[in-house]
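Student: Below is the sequence, then the predicted model.
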Amino acid sequence: MSTFLTKAVMDFFVAFGIVVGGAMVGGLGAIFSLQPPTHTMLDIAGRIKIWALAAAVGGTIDPMRVIESNFFDGNLSPAIKQILYLLFAFMGAHMGSELVRWMCGGSRG
């Protein structure tokens, strides 16, 4: 597998795992604190999504610097790759939150 595809798949699954794992452990904490676990899991999955995206791509500022510096220097390939990494990480975080929503029987909204 190419290094681009390998990193893109890793970004997807890291973001997915952060959302699903965070929601599951948060639901366990809700059980211990006598709170409704499904509501807590849905809330955590929605709130942790952006942090999963940031963690998967390695921080919040560095990817933007790579995009900016390469784009303005005329090197479009590294900028496009970084945008695709962000897109893969977003898809992983979104799929994780949708899985948690499906597991909890929650509806949109």
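Tutor: Okay, I see it.

Student: Give me the buried positions along the lowest-mean-pLDDT helix or strand in the chain.
Tutor: The weakest-scoring helix or strand in the chain, judged by mean pLDDT, DSSP states H and E, is helix 62-72 (a mean of 73). For helix 62-72, the buried set under the neighbour-count rule, 16 or more other C-beta atoms under 10 Å, comprises Pro63, Val66, Ile67, Asn70. From N, CA and C alone the C-beta is placed, and that goes for glycine too.

Student: what's the closest non-adjacent residue to Ile48?
Tutor: In space, and not counting its chain neighbours, Ile48 is closest to Gly22: 4.7 Å by C-beta to C-beta, 6 or more residues apart in numbering.

Student: tell me the pLDDT at that neighbour?
Tutor: What the model reports for Gly22 is a pLDDT of 95.

Student: Below-threshold pLDDT in this protein: ranges please.
Tutor: Applying pLDDT under 70 to the chain picks out residues 1, 60, 106-109.

Student: For it, which segments count as helices?
Tutor: 3-32, 37-57, 62-72, 76-104 (DSSP state H).

Student: follow-up on the earlier one: now render the buried residues of helix 62-72 as CSV, adding distance to Cys104.
Tutor: Shown next, in CSV, are the buried residues of helix 62-72 (distance: C-beta to C-beta, whole Å):
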residue, distance to Cys104
Pro63, 31
Val66, 36
Ile67, 35
Asn70, 41
